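> Return a 3D structure for these sequence lines:
(one chain, ligands or ions: 2)
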Amino acid sequence: MLRLPEAHRDLFKKPFGTLYPNIGELLPQIRDRAVYAVGDVVTHNLLGAGIIPDIAIIDGYTMRSPCNRSPLLRARRLAAKNPPGTITDELVDAIDTAVQNPPGVIFVDGEEDLAVIPLVLAAPIGTAVLYGQPGEGVVLRLVDALAKQEAGSMLNVFVRE
Ligand SMILES: CC(C)(COP(=O)(O)OP(=O)(O)OC[C@H]1O[C@@H](n2cnc3c(N)ncnc32)[C@H](O)[C@@H]1O)[C@@H](O)C(=O)NCCC(=O)NCCS
Ligand SMILES: Nc1nc2c(ncn2[C@@H]2O[C@H](COP(=O)(O)OP(=O)(O)OP(=O)(O)O)[C@@H](O)[C@H]2O)c(=O)[nH]1
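Ligands and ions are numbered 1, 2, ... in the order given. The predicted structure is shown next:
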């Protein structure tokens, strides 16, 4: 697995894209795009806005029950262990499987926040990636060459264990 050194955590606390106070404000940006969501609240709010993410990465109970309802029922269901502060090979493999055969819901046993990095690296150009910024709102990153380059350099600060 890859571990995020304590010294570099701050690098990941600032938004890795554009911060919006709510999903409603970014809807025009993601219409006609594949949407990948990281987090239970983000996924819940996308469904509430009538948007079914092509990939949802969640970790908490909040979403487990709604995932048994129609919108995501037909999605491939994957599981991956991922302790806080890490990116496990299991999570990366689940992301690759879901990207190759969407739609998919990845249930993370642990913490899903850092999944944004491998997700941006695996996502096709043009995909909209959304994740929650605690207490501030939702971050949108449209996947382009720069996003992949930045995600690659963020991955470089991790230590392989
Ligand atoms: C820096 C991050 C990614 C490190 O995550 P890590 O896996 O080590 O988990 P950590 O124990 O730090 O956090 C556990 C959970 O508490 C939440 N959290 C973290 N810091 C705060 C905070 N200051 N206030 C409220 N909630 C917080 C996070 O959303 C996270 O889900 C995380 O702390 C964080 O800030 N996440 C929110 C932003 C995010 O997802 N960034 C990733 C984009 S590349
Ligand atoms: N205002 C607003 N805030 C949001 C939205 N989505 C996420 N957030 C914020 O981001 C935080 C984390 O969102 P998520 O990562 O989706 O929620 P989560 O999966 O329960 O969070 P962790 O498991 O702790 O990572 C939320 O608690 C909110 O503070 C949104 O649509 N609107």
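> CA only for contacts and neighbour counts going forward, please
OK.
> quick one: least confident helix or strand in this structure?
None of the helices or strands of the chain scores lower by mean pLDDT, DSSP states H and E than helix 61-64, at a mean of 54.
> Need the per-residue pLDDT for the residue nearest in space to the middle of the chain.
Compute the mean C-alpha point of the chain, and by Cα atoms, centre = their mean the closest residue is V38, 2.8 Å away. Looking at V38, its pLDDT is 96.
> can you check L26 too?
Looking at L26, its pLDDT stands at 96.
> Could you pull up the residues touching the residue nearest to the centre of the chain?
V38 makes contact with A56, I57, I58, E112, D113, A115, V116, V129, L130, Y131, G132, according to Cα atoms under 8 Å, 6 or more residues apart in numbering.
> for the residues you listed, which one is nearest ligand 1?
Minimum distance to ligand 1 across those is 4.1 Å, recorded for D113 (Cα to the nearest ligand atom).
> returning to what we had before: show me the beta-bridge partners of the residue nearest to the centre of the chain.
With DSSP bridges as the criterion, V38 is bridged to I57, Y131.
> before we move on, back to that, just the contacts of V38 that are near ligand 2?
Applying Cα under 6 Å from any ligand atom to the contacts of V38, one finds that I58, E112, D113, Y131, G132 fall near ligand 2.
> wait, doesn't the fourth one sit right on V35?
I take that to be Y131. No: Y131 lies out of contact with V35 (Cα atoms under 8 Å); the separation is 10.8 Å.
> which residue ranges form the helices in the protein?
For the chain, the helices defined by DSSP state H occupy 10-13, 27-30, 40-48, 61-64, 70-73, 89-100, 116-122, 145-155.
> The second one and ligand 2 in contact?
Just to be clear, that refers to helix 27-30. No: Helix 27-30 lies apart from ligand 2 when judged by Cα under 6 Å from any ligand atom; the minimum separation is 10.9 Å.
> and L142, what does it touch?
Neighbouring residues of L142 by Cα under 8 Å, 6+ apart: G17, G126, T127, A128, V129.
> change it to 10 Å
For L142, the contact set (Cα atoms under 10 Å, 6 or more residues apart in numbering) comprises 17-18, 29-30, 33-35, 120, 123, 125-130.
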